[in-house]
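> Test case, fold it:
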Amino acid sequence: MAAQYLESTTRRPDNETNVDVQLQEPSLADGPDLWRIARDSRVLDVNSPYSYTLWCRDFAGTSVVAHDGGAACGFITGYARPSRPDTLFVWQVAVDEAHRGQGLARRMLDWLAARGHRFMEATVTPGNTASTAMFESFARDQGCELSRSPLFGAEHFPEGGHEPEVLFRIGPLSTAD
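As a prediction, this is how the structure comes out:
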């Protein structure tokens, strides 16, 4: 579900970093690549290719895609919560295998935080230590509180075996001031 995150398993050599990777709002052309990156992660709940393309159209302003040499290599999808427009909800975070371990996911999160929302939310399963560490470091570096509260229990999912989702709420973000 939300804020599924895959990054830290493969390291590139120290002289190869993600500094040349460009961050920008996704476009319609990025939809198939977002779907591919999610599918290839083998850990994210993969949505339909249509949904990723639609996301690139309707939520481009609250999402980010990373390009290296013109090819998409990571993304974060998010949206402003309708009942709390000052809150960015992070839906999915993914970095392709060749770019993992260099802080690209965190760089994309920082880029989104600079877009002016006062709070950031995401849900994280208890077993997702990579997402937990990323959001904890983000909150710490932003000088923000990170609160956790249960949001969805396993009973909220149609198929057995899905872990509960814990709501992480970070803020107020200093970049919103």
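> Could you use CA atoms for every contact and neighbour count after this?
OK.
> what separates residue 145 from residue 101, distance-wise?
Look at residue 145 and residue 101: by Cα to Cα, to the nearest Å, they are 25 Å apart.
> Please say which of the two ends up with more neighbours.
A count of neighbours by other Cα atoms under 10 Å puts residue 101 above the other of residue 145 and residue 101, at 19 against 15.
> is it true that the more buried one lies in a strand?
No. Residue 101 is assigned coil when assessed by DSSP: H, G, I helix; E, B strand; the rest coil, not a strand.
> change the start of the numbering to 243 and stick with it
Sounds good: first residue 243 from here, last item residue 343.
> Quick check on it: phi, psi?
phi 80, psi 10 (degrees, to the nearest 10).
> now swap in residue 305 and tell me
phi -130, psi 170.
> isn't it right up against residue 354?
Yes. Counting by Cα atoms under 8 Å, residue 354 is a contact partner of residue 305 at 7.0 Å.
> With adjacent residues omitted, what lies nearest to the spatially most central residue of the chain?
Residue closest to the mean C-alpha point of the chain, counted by Cα atoms, centre = their mean, is residue 335 at 2.7 Å. Excluding the flanking residues, the one nearest residue 335 by Cα to Cα, 6 or more residues apart in numbering is residue 318, at 4.5 Å.
> Just the buried positions in stretch 403-413, please.
By 16 or more other Cα atoms under 10 Å, the buried positions in stretch 403-413 come out as 405, 406, 407, 408, 409, 410, 411, 412, 413.
> In its sheet, which strands sit next to the helix or strand containing the fourth one, and in what direction?
Translated: residue 408. Following DSSP states H and E, one finds residue 408 within strand 407-413. In the sheet, strand 407-413 lines up against strand 361-366 (antiparallel), strand 387-394 (antiparallel) (DSSP bridges).
> can you dump the C-alpha coordinates of that strand into PDB?
In PDB, the C-alpha atoms belonging to strand 407-413 read as follows (Å, rounded to 0.1, in the frame of the first residue of the first chain):
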ATOM      1  CA  GLU A 407      -0.600   0.000   7.900                       C
ATOM      2  CA  VAL A 408       0.600   2.500  10.400                       C
ATOM      3  CA  LEU A 409       0.100   6.200   9.600                       C
ATOM      4  CA  PHE A 410       3.300   8.300   9.800                       C
ATOM      5  CA  ARG A 411       2.600  12.000  10.100                       C
ATOM      6  CA  ILE A 412       5.500  14.400   9.800                       C
ATOM      7  CA  GLY A 413       5.400  18.200  10.400                       C
END
